[in-house]
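Asks: Build me a model:
(one chain, ligands or ions: 1)
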Amino acid sequence: MELQGKRIIVTGAARGMGAATVRAYVRAGAAVVGMDVSDEAGAAVARDASAAGPGTADYLHVDVADRDSVETAFAEAVRRLGGLDVLAHPAAIQRSVSASDVTVEEWDLMFAVNVRGTMLTNQVARRYIKDAGGGSIINFGSISGQRPEPAGAAYSAAKGAVHAWTRTAAGTWGDDNIRVNTILPAMATPMYNEAMARASEEQKVAGYWMNHHSIALGHKYGDPDRDLGPVMVFLASDASHFITGQLIPVDGGQHSVR
Ligand SMILES: NC(=O)c1ccc[n+]([C@@H]2O[C@H](COP(=O)([O-])OP(=O)(O)OC[C@H]3O[C@@H](n4cnc5c(N)ncnc54)[C@H](O)[C@@H]3O)[C@@H](O)[C@H]2O)c1
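Replies: Numbering: from 1, shown residues only. Next up is the predicted model:
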(Lines give C-alpha, C1' and ligand atoms only; values in the text may rest on other atoms or scores of the structure.)
Protein backbone atom coordinates (compact mmCIF):
# COMPACT_ATOMS: atom_id res chain seq x y z
CA MET A 1 0.00 0.00 0.00
CA GLU A 2 2.97 2.26 -0.73
CA LEU A 3 0.77 4.49 -2.94
CA GLN A 4 -2.36 4.61 -0.80
CA GLY A 5 -3.98 8.02 -1.24
CA LYS A 6 -2.07 8.80 -4.47
CA ARG A 7 -4.16 9.96 -7.45
CA ILE A 8 -2.52 8.99 -10.72
CA ILE A 9 -3.00 9.31 -14.50
CA VAL A 10 -1.28 6.69 -16.70
CA THR A 11 -1.19 7.25 -20.49
CA GLY A 12 -0.63 4.42 -22.97
CA ALA A 13 -2.56 2.28 -20.51
CA ALA A 14 -4.02 -0.21 -23.00
CA ARG A 15 -0.93 -2.41 -23.33
CA GLY A 16 2.81 -2.76 -22.72
CA MET A 17 4.41 -0.66 -20.02
CA GLY A 18 1.37 1.57 -19.51
CA ALA A 19 -0.81 -1.44 -18.70
CA ALA A 20 1.88 -2.87 -16.38
CA THR A 21 2.10 0.52 -14.66
CA VAL A 22 -1.67 0.62 -14.06
CA ARG A 23 -1.47 -2.85 -12.48
CA ALA A 24 1.55 -1.93 -10.31
CA TYR A 25 -0.09 1.26 -9.04
CA VAL A 26 -3.38 -0.43 -8.19
CA ARG A 27 -1.47 -3.22 -6.41
CA ALA A 28 0.24 -0.47 -4.37
CA GLY A 29 -3.14 1.00 -3.34
CA ALA A 30 -3.39 4.03 -5.68
CA ALA A 31 -6.47 5.48 -7.41
CA VAL A 32 -5.62 5.41 -11.12
CA VAL A 33 -7.14 6.65 -14.37
CA GLY A 34 -5.63 4.92 -17.41
CA MET A 35 -5.85 6.64 -20.81
CA ASP A 36 -5.19 5.54 -24.39
CA VAL A 37 -6.51 5.74 -27.96
CA SER A 38 -7.21 2.01 -27.81
CA ASP A 39 -10.40 2.11 -25.76
CA GLU A 40 -11.52 -1.51 -25.55
CA ALA A 41 -8.13 -2.80 -24.39
CA GLY A 42 -7.62 0.18 -22.07
CA ALA A 43 -10.97 -0.34 -20.37
CA ALA A 44 -10.22 -4.05 -19.92
CA VAL A 45 -6.85 -3.32 -18.29
CA ALA A 46 -8.50 -0.92 -15.83
CA ARG A 47 -11.35 -3.32 -15.10
CA ASP A 48 -9.00 -6.25 -14.39
CA ALA A 49 -6.66 -4.14 -12.23
CA SER A 50 -9.58 -2.79 -10.20
CA ALA A 51 -10.97 -6.29 -9.68
CA ALA A 52 -7.59 -7.40 -8.28
CA GLY A 53 -7.29 -4.25 -6.05
CA PRO A 54 -6.58 -3.03 -3.44
CA GLY A 55 -6.52 0.32 -5.29
CA THR A 56 -8.87 1.31 -8.12
CA ALA A 57 -8.54 1.96 -11.85
CA ASP A 58 -10.79 3.78 -14.26
CA TYR A 59 -10.35 4.43 -18.00
CA LEU A 60 -10.75 7.45 -20.33
CA HIS A 61 -10.00 8.03 -24.02
CA VAL A 62 -7.18 10.45 -24.87
CA ASP A 63 -5.15 11.38 -27.92
CA VAL A 64 -2.01 12.80 -26.31
CA ALA A 65 -1.12 14.70 -29.50
CA ASP A 66 -4.29 16.81 -29.31
CA ARG A 67 -4.58 19.67 -26.82
CA ASP A 68 -8.38 19.60 -26.54
CA SER A 69 -8.37 15.86 -25.98
CA VAL A 70 -5.71 16.12 -23.24
CA GLU A 71 -7.46 19.04 -21.52
CA THR A 72 -10.84 17.26 -21.58
CA ALA A 73 -9.58 13.84 -20.44
CA PHE A 74 -7.33 15.23 -17.68
CA ALA A 75 -10.10 17.49 -16.33
CA GLU A 76 -12.48 14.52 -16.16
CA ALA A 77 -9.81 12.30 -14.55
CA VAL A 78 -9.08 14.93 -11.91
CA ARG A 79 -12.80 15.30 -11.25
CA ARG A 80 -13.10 11.55 -10.70
CA LEU A 81 -9.91 11.30 -8.61
CA GLY A 82 -10.45 14.49 -6.59
CA GLY A 83 -7.02 15.86 -7.60
CA LEU A 84 -3.75 14.68 -9.15
CA ASP A 85 -0.42 13.69 -7.59
CA VAL A 86 1.32 11.74 -10.36
CA LEU A 87 1.44 11.46 -14.15
CA ALA A 88 3.06 8.39 -15.73
CA HIS A 89 3.37 8.95 -19.48
CA PRO A 90 4.44 5.90 -21.52
CA ALA A 91 2.12 6.59 -24.53
CA ALA A 92 4.15 6.78 -27.74
CA ILE A 93 4.54 5.36 -31.24
CA GLN A 94 7.54 3.77 -32.94
CA ARG A 95 8.26 3.58 -36.67
CA SER A 96 11.23 2.17 -38.59
CA VAL A 97 12.55 4.73 -41.05
CA SER A 98 16.05 5.82 -42.07
CA ALA A 99 17.59 9.29 -42.01
CA SER A 100 17.84 9.14 -45.82
CA ASP A 101 14.19 8.31 -46.47
CA VAL A 102 12.12 9.82 -43.66
CA THR A 103 9.25 11.93 -45.03
CA VAL A 104 7.80 15.13 -43.61
CA GLU A 105 4.58 13.26 -42.83
CA GLU A 106 6.42 10.52 -40.87
CA TRP A 107 8.53 13.11 -39.06
CA ASP A 108 5.52 15.26 -38.10
CA LEU A 109 3.47 12.28 -36.87
CA MET A 110 6.36 11.10 -34.70
CA PHE A 111 6.89 14.54 -33.19
CA ALA A 112 3.14 15.13 -32.74
CA VAL A 113 2.63 11.99 -30.65
CA ASN A 114 5.97 11.54 -28.90
CA VAL A 115 7.14 15.14 -28.37
CA ARG A 116 4.03 17.34 -28.47
CA GLY A 117 2.24 14.59 -26.50
CA THR A 118 4.88 14.78 -23.79
CA MET A 119 4.72 18.59 -23.63
CA LEU A 120 0.90 18.66 -23.53
CA THR A 121 0.38 15.91 -20.95
CA ASN A 122 3.13 17.28 -18.73
CA GLN A 123 1.93 20.89 -18.99
CA VAL A 124 -1.70 20.05 -18.21
CA ALA A 125 -0.76 17.61 -15.41
CA ARG A 126 1.54 20.21 -13.87
CA ARG A 127 -1.38 22.60 -13.24
CA TYR A 128 -3.26 19.95 -11.25
CA ILE A 129 -0.21 18.51 -9.47
CA LYS A 130 0.79 22.03 -8.42
CA ASP A 131 -2.67 22.49 -6.87
CA ALA A 132 -2.03 19.29 -4.86
CA GLY A 133 1.20 20.73 -3.44
CA GLY A 134 3.59 18.81 -5.70
CA GLY A 135 4.23 15.34 -7.04
CA SER A 136 5.85 13.34 -9.81
CA ILE A 137 5.84 13.21 -13.62
CA ILE A 138 7.42 10.14 -15.23
CA ASN A 139 8.14 10.35 -18.98
CA PHE A 140 9.47 7.69 -21.34
CA GLY A 141 12.61 8.26 -23.39
CA SER A 142 14.80 5.66 -25.07
CA ILE A 143 18.34 4.50 -25.64
CA SER A 144 17.41 5.43 -29.25
CA GLY A 145 17.57 9.09 -28.23
CA GLN A 146 21.11 8.62 -26.92
CA ARG A 147 22.87 6.95 -29.84
CA PRO A 148 22.82 6.65 -33.64
CA GLU A 149 19.69 4.71 -34.65
CA PRO A 150 19.96 3.84 -38.38
CA ALA A 151 16.57 2.06 -38.47
CA GLY A 152 14.64 4.65 -36.44
CA ALA A 153 15.70 8.17 -37.41
CA ALA A 154 12.53 10.08 -36.48
CA TYR A 155 11.91 8.03 -33.31
CA SER A 156 15.49 8.65 -32.17
CA ALA A 157 15.21 12.41 -32.73
CA ALA A 158 11.83 12.53 -30.94
CA LYS A 159 13.13 10.62 -27.91
CA GLY A 160 16.15 12.95 -27.76
CA ALA A 161 13.65 15.81 -27.54
CA VAL A 162 11.82 14.06 -24.68
CA HIS A 163 15.13 13.84 -22.78
CA ALA A 164 15.81 17.56 -23.27
CA TRP A 165 12.22 18.47 -22.32
CA THR A 166 12.46 16.41 -19.12
CA ARG A 167 15.54 18.30 -17.98
CA THR A 168 13.93 21.68 -18.72
CA ALA A 169 10.57 20.80 -17.12
CA ALA A 170 12.36 19.51 -14.01
CA GLY A 171 14.43 22.69 -13.83
CA THR A 172 11.31 24.85 -14.24
CA TRP A 173 8.83 23.07 -11.97
CA GLY A 174 11.06 22.31 -8.99
CA ASP A 175 9.65 25.49 -7.44
CA ASP A 176 6.21 23.82 -7.60
CA ASN A 177 7.64 20.75 -5.82
CA ILE A 178 7.10 18.75 -9.02
CA ARG A 179 9.80 16.31 -10.06
CA VAL A 180 10.14 15.18 -13.67
CA ASN A 181 12.15 12.13 -14.68
CA THR A 182 12.39 9.93 -17.77
CA ILE A 183 12.65 6.15 -17.91
CA LEU A 184 14.83 4.58 -20.62
CA PRO A 185 13.38 1.05 -20.72
CA ALA A 186 14.22 -2.24 -22.43
CA MET A 187 11.05 -4.33 -22.03
CA ALA A 188 9.44 -7.05 -24.11
CA THR A 189 6.14 -5.35 -25.03
CA PRO A 190 3.89 -5.23 -28.14
CA MET A 191 5.95 -2.24 -29.42
CA TYR A 192 9.12 -4.33 -29.10
CA ASN A 193 7.48 -7.42 -30.67
CA GLU A 194 6.18 -5.37 -33.61
CA ALA A 195 9.64 -3.86 -34.23
CA MET A 196 11.15 -7.37 -34.18
CA ALA A 197 8.49 -8.62 -36.62
CA ARG A 198 9.32 -5.78 -39.05
CA ALA A 199 13.08 -6.49 -38.94
CA SER A 200 14.88 -8.44 -41.68
CA GLU A 201 17.12 -11.39 -40.72
CA GLU A 202 20.15 -9.13 -41.17
CA GLN A 203 18.61 -6.45 -38.92
CA LYS A 204 17.77 -9.10 -36.30
CA VAL A 205 21.40 -10.24 -36.12
CA ALA A 206 22.65 -6.64 -35.92
CA GLY A 207 19.90 -5.89 -33.37
CA TYR A 208 20.97 -8.80 -31.17
CA TRP A 209 24.50 -7.40 -30.82
CA MET A 210 23.28 -3.80 -30.53
CA ASN A 211 20.38 -4.35 -28.15
CA HIS A 212 20.32 -7.76 -26.49
CA HIS A 213 23.92 -8.78 -25.93
CA SER A 214 24.60 -5.55 -24.02
CA ILE A 215 21.85 -6.36 -21.46
CA ALA A 216 24.19 -7.56 -18.72
CA LEU A 217 21.37 -9.08 -16.68
CA GLY A 218 20.34 -12.00 -18.90
CA HIS A 219 20.84 -10.65 -22.47
CA LYS A 220 17.12 -10.26 -23.02
CA TYR A 221 14.45 -7.57 -22.69
CA GLY A 222 12.66 -7.32 -19.35
CA ASP A 223 9.14 -8.15 -18.30
CA PRO A 224 7.18 -4.90 -17.72
CA ASP A 225 5.23 -6.20 -14.70
CA ARG A 226 8.20 -7.80 -12.96
CA ASP A 227 11.05 -5.48 -13.97
CA LEU A 228 9.45 -2.04 -14.50
CA GLY A 229 6.40 -1.98 -12.20
CA PRO A 230 8.35 -1.66 -8.92
CA VAL A 231 10.45 1.21 -10.35
CA MET A 232 7.29 3.04 -11.44
CA VAL A 233 5.91 2.65 -7.90
CA PHE A 234 9.14 4.04 -6.42
CA LEU A 235 9.13 7.07 -8.75
CA ALA A 236 5.46 7.78 -7.95
CA SER A 237 6.02 7.44 -4.20
CA ASP A 238 7.38 9.96 -1.72
CA ALA A 239 10.51 7.76 -1.38
CA SER A 240 11.81 9.37 -4.61
CA HIS A 241 11.08 12.95 -3.47
CA PHE A 242 14.68 14.16 -4.04
CA ILE A 243 15.15 12.72 -7.56
CA THR A 244 14.39 14.99 -10.53
CA GLY A 245 15.65 15.80 -14.02
CA GLN A 246 17.12 12.32 -14.48
CA LEU A 247 17.22 9.88 -17.38
CA ILE A 248 16.87 6.53 -15.62
CA PRO A 249 17.59 3.34 -17.61
CA VAL A 250 15.55 0.32 -16.50
CA ASP A 251 17.18 -2.02 -18.96
CA GLY A 252 19.30 -4.66 -17.25
CA GLY A 253 22.46 -2.70 -18.04
CA GLN A 254 21.87 -2.21 -21.78
CA HIS A 255 22.93 1.43 -21.55
CA SER A 256 24.38 3.83 -19.03
CA VAL A 257 23.54 7.54 -19.18
CA ARG A 258 26.57 9.80 -19.08
N1 LIG B 1 9.62 -1.56 -25.43
C2 LIG B 1 10.83 -1.09 -25.22
O3 LIG B 1 11.78 -1.82 -24.93
C4 LIG B 1 11.08 0.41 -25.27
C5 LIG B 1 12.41 0.84 -25.42
C6 LIG B 1 12.67 2.20 -25.36
C7 LIG B 1 11.63 3.10 -25.15
N8 LIG B 1 10.35 2.65 -25.03
C9 LIG B 1 9.29 3.63 -24.75
O10 LIG B 1 8.55 3.18 -23.63
C11 LIG B 1 7.18 3.63 -23.73
C12 LIG B 1 6.23 2.46 -23.60
O13 LIG B 1 6.48 1.57 -24.68
P14 LIG B 1 5.71 0.18 -24.88
O15 LIG B 1 6.73 -0.76 -25.39
O16 LIG B 1 4.91 -0.15 -23.68
O17 LIG B 1 4.75 0.60 -26.11
P18 LIG B 1 3.39 -0.04 -26.66
O19 LIG B 1 3.33 0.25 -28.12
O20 LIG B 1 3.27 -1.47 -26.25
O21 LIG B 1 2.26 0.83 -25.91
C22 LIG B 1 2.10 2.19 -26.23
C23 LIG B 1 0.66 2.58 -25.94
O24 LIG B 1 0.52 3.98 -26.28
C25 LIG B 1 -0.73 4.15 -26.92
N26 LIG B 1 -0.74 5.34 -27.79
C27 LIG B 1 -0.12 5.51 -28.99
N28 LIG B 1 -0.41 6.71 -29.50
C29 LIG B 1 -1.22 7.34 -28.60
C30 LIG B 1 -1.85 8.61 -28.57
N31 LIG B 1 -1.72 9.49 -29.58
N32 LIG B 1 -2.58 8.94 -27.48
C33 LIG B 1 -2.74 8.05 -26.45
N34 LIG B 1 -2.18 6.83 -26.43
C35 LIG B 1 -1.43 6.48 -27.49
C36 LIG B 1 -0.92 2.87 -27.74
O37 LIG B 1 -2.28 2.65 -28.10
C38 LIG B 1 -0.37 1.81 -26.79
O39 LIG B 1 -1.39 1.30 -25.95
C40 LIG B 1 7.10 4.37 -25.08
O41 LIG B 1 7.28 5.75 -24.84
C42 LIG B 1 8.28 3.82 -25.86
O43 LIG B 1 8.71 4.70 -26.86
C44 LIG B 1 10.05 1.33 -25.14
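
Asks: Would you mind naming what in the stretch 51-200 of the chain lies close to the ligand?
Replies: 62-65, 90-94, 113, 117, 140, 142, 185-187, 189-192 (CB under 6 Å from any ligand atom). Using the backbone N, CA and C atoms, a C-beta is placed for each residue, glycine as well.

Asks: Can you flag the buried ones in these?
Replies: The neighbour-count test (16 or more other CB atoms under 10 Å) marks 62-65, 90-94, 113, 117, 140, 142, 185-187, 189, 191-192 as buried among these.

Asks: Restricted to helices, list those residues.
Replies: 117, 191-192 (DSSP state H).

Asks: Pick out whichever of the residues you listed sits closest to the ligand.
Replies: Lowest distance from the ligand to these (CB to the nearest ligand atom) belongs to M191, with 3.2 Å.

Asks: Contacts only, for the nearest residue to that closest one once chain neighbours are set aside.
Replies: Spatial nearest neighbour of M191, excluding adjacent residues (CB to CB, 6 or more residues apart in numbering): Q94 at 5.3 Å. Counting by CB atoms under 8 Å, 6 or more residues apart in numbering, Q94 makes contact with 152, 155, 191, 194-195.

Asks: again, only this time at 10 Å
Replies: Shown in contact with Q94 (CB atoms under 10 Å, 6 or more residues apart in numbering): 110, 113-114, 142, 144, 152, 154-155, 158-159, 191-192, 194-195, 198.

Asks: Going by distance to S100, which of the ones in helices among the buried ones among the residues of the stretch 51-200 of the chain next to the ligand wins?
Replies: M191 (23.6 Å; CB to CB).

Asks: So that closest one is in contact with M17, correct?
Replies: Yes. With contact defined as CB atoms under 10 Å, M191 reaches M17; the gap is 8.6 Å.

Asks: what touches both of the two?
Replies: Shared contacts of M191 and M17, counting by CB under 10 Å, 6+ apart, come down to 90, 92.

Asks: Now pLDDT too, for the ones in helices among the buried ones among the residues of the stretch 51-200 of the chain next to the ligand, in TSV please.
Replies: Compiled in TSV, those are given as follows (pLDDT from 0 to 100):
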residue	pLDDT
G117	99
M191	88
Y192	87
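
Asks: Tell me the one of those nearest T168?
Replies: G117 (16.1 Å).

Asks: Touching, that closest one and A65? I think so.
Replies: Yes. Counting by CB under 10 Å, G117 does reach A65; the two are 5.0 Å apart.

Asks: So for those two, which residues contact both of them?
Replies: 91, 93, 111.

Asks: Which stretches in the protein count as helices?
Replies: 16-27, 39-52, 67-81, 104-110, 117-131, 153-173, 190-198, 201-207, 229-236.

Asks: Below-threshold pLDDT in this structure: ranges please.
Replies: The chain contains no residues with pLDDT under 70.

Asks: try it again with 90
Replies: For the chain, the stretches with pLDDT under 90 are 1, 150-151, 190-200, 202-204, 206-207, 210, 258.

Asks: Tell me the spacing between the residue nearest to H163 when sequence neighbours are not counted and A197.
Replies: Nearest residue to H163, sequence neighbours excluded (CB to CB, 6+ apart): G141, at 4.9 Å. Counting by CB to CB, to the nearest Å, the gap from G141 to A197 is 23 Å.

Asks: would CSV of the ones in helices among the buried ones among the residues of the stretch 51-200 of the chain next to the ligand with distance to R27 be doable?
Replies: Shown next, in CSV, are those (distance: CB to CB, whole Å):
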residue, distance to R27
G117, 26
M191, 23
Y192, 23
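
Asks: out of the residues you listed, who's nearest R47?
Replies: Looking across those and measuring by CB to CB, the closest to R47 is M191, at 22.7 Å.
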